[in-house]
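Engineer: Test case, fold it:
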Amino acid sequence: MSFKKGMYLKYGAFILIFLIGLIAVGLYLMPHDEPVVLEAFLQLEHDSEVNAVAFSPDGKFVLSGYSDSTLKLWDISNGREIRTFQGHSKSVKAVAFSPDGKFVLSGSWDKTLKLWDVSSGDEIRTFKGHSSFVNAVAFSPDGKLALSGSGDLFGNEDHTLKVWKVSSGQPIRTIKAHSSSINAVAFSPDGKLALSGSYDKRLNLWEVSSGRHIRTLGGHSNWVRAVAFSPDGQLVLSGSSDKTLKLFELSSGRPLHTLIGHSEPVFAVAFSPDGKLVLSGSWDKTLKLWDVSSGHEIRTFEGHSKSVNAVAFSPDGKFVLSGSGDGSTRLWQTGE
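Structural biologist: Next comes the predicted model:
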């Protein structure tokens with residue numbers, strides 16, 4: 001009996017030591033202030049490069065514009081493709097939802113803009129007037145006007161902004177805005193100002209009602225590829241082929257921060273709905289989230305196998321959207 005008892009004690013001690021070892025290993029392997037790798041939880045695949053993305057105003061749908069001349073509408077609750085918008089003859093470079101979410105605007109290298117009905121997918125009208133690529137589009141906050149930017153790096157034609165009446169598709173103002181191709185445009189939150197970014201390395205600020213030039217914002221050493229207004233209209237954001245983002249004070253044009261972290265050109269930028277964060281997408285295949293007040297990088301989103309060409313925040317700010325040259329549109333949690 002004493003032998004068996006000793007044997008039981010011996011094996012019991014061995015099992016106890018083994019269990020303690022497992023617990024210790026588990027505790028060692030638990031994360032200790034390690035950076036969290038954020039992965040996309042929804043990936044929408046297509047066989048063509050994604051050039052543009054947008055969230056619907058209610059946050060339920062996303063829109064992607066492709067190099068194969070199509071747009072696609074997706075339901076983010078299940079990743080299901082709802083419809084394809086077909087009508088452009090060349091690459092779609094820009095997309096935007098109307099403020100009420102009922103319409104979609106697209107700009108293409110076929111030199112036109114098109115207005116589409118979201119519920120049916122029908123083309124409503126085509127905006128004609130540019131003589132070069134349409135690289136950027138935007139709706140005014142009231143949905144009554146549209147803004148477009150045009151140009152071709154390899155030509156000297158039509159480096160203009162056009163303001164259009166959405167109800168008729170007619171241009172009401174043409175602004176000779178830059179000396180080179182215009183890559184990005186934006187309306188201010190009150191709809192009174194327009195912002196443009198160009199291959200001439202500059203951002204220009206314009207009065208919509210008159211077309212008057214208000215201010216030039218400089219500082220980039222290479223092409224300006226993306227622009228955005230903060231939600232309160234007090235700041236301007238830009239992204240450039242010089243691999244940086246810049247934040248400017250709108251009232252004075254004073255530069256506030258230069259955001260450094262990407263290793264390749266910055267193709268896309270966006271403000272969060274509360275204006276506290278900015279998002280960028282780059283040729284380096286990543287998205288980056290930044291703090292506006294400090295200019296510091298908060299986190300990096302990795303997963304695309306090619307350039308990140310377009311980014312957007314969801315209306316509630318909890319998610320970010322990216323479109324890539326790898327043909328995927330990905331939805332990520334901000335990781336707050």
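
Engineer: I'd say residue 140 and residue 147 touch.
Structural biologist: Yes - under the criterion of Cβ atoms under 8 Å, residue 140 makes contact with residue 147 at 7.2 Å. Any C-beta I mention is one placed from the backbone N, CA and C, and that applies to glycine too.

Engineer: what's the overlap in contacts for the two?
Structural biologist: Listed as contacting both residue 140 and residue 147 by Cβ atoms under 8 Å, 6 or more residues apart in numbering are residue 187.

Engineer: who's more crowded, the two?
Structural biologist: Applying other Cβ atoms under 10 Å to residue 140 and residue 147 shows that residue 147 carries more neighbours, namely 28 against 21.

Engineer: nearest spatial neighbour of that one, skipping sequence neighbours?
Structural biologist: Among residues not flanking residue 147 along the chain, residue 138 sits closest, at 4.5 Å (Cβ to Cβ, 6 or more residues apart in numbering).

Engineer: With residue 246 instead?
Structural biologist: With Cβ to Cβ, 6+ apart as the criterion, residue 246 has its nearest non-adjacent residue at 5.0 Å, and that residue is residue 238.

Engineer: Pull the number of nearby residues for the one you found.
Structural biologist: Neighbours around residue 238, by other Cβ under 10 Å: 26.

Engineer: Could you say which helix or strand holds the residue nearest to residue 147?
Structural biologist: Per DSSP states H and E: residue 138 is located in strand 134-139.

Engineer: which strands and helices sit next to the helix or strand following that strand?
Structural biologist: Per DSSP H and E, the first helix or strand lying C-terminal to strand 134-139 is strand 145-150. Other elements packing on strand 145-150 under the criterion 3 or more Cβ pairs under 8 Å, 6 or more residues apart in numbering; DSSP states H and E are strand 112-117, strand 134-139, strand 160-165, strand 182-187.

Engineer: For residue 259, which three-state class applies?
Structural biologist: What DSSP: H, G, I helix; E, B strand; the rest coil gives for residue 259 is strand.

Engineer: Check the one 3 residues further on too.
Structural biologist: Put simply, residue 262 is coil when judged by three-state DSSP.

Engineer: That one reaches residue 288, doesn't it?
Structural biologist: Yes - Residue 262 lies in contact with residue 288 (Cβ under 8 Å); the separation is 6.6 Å.
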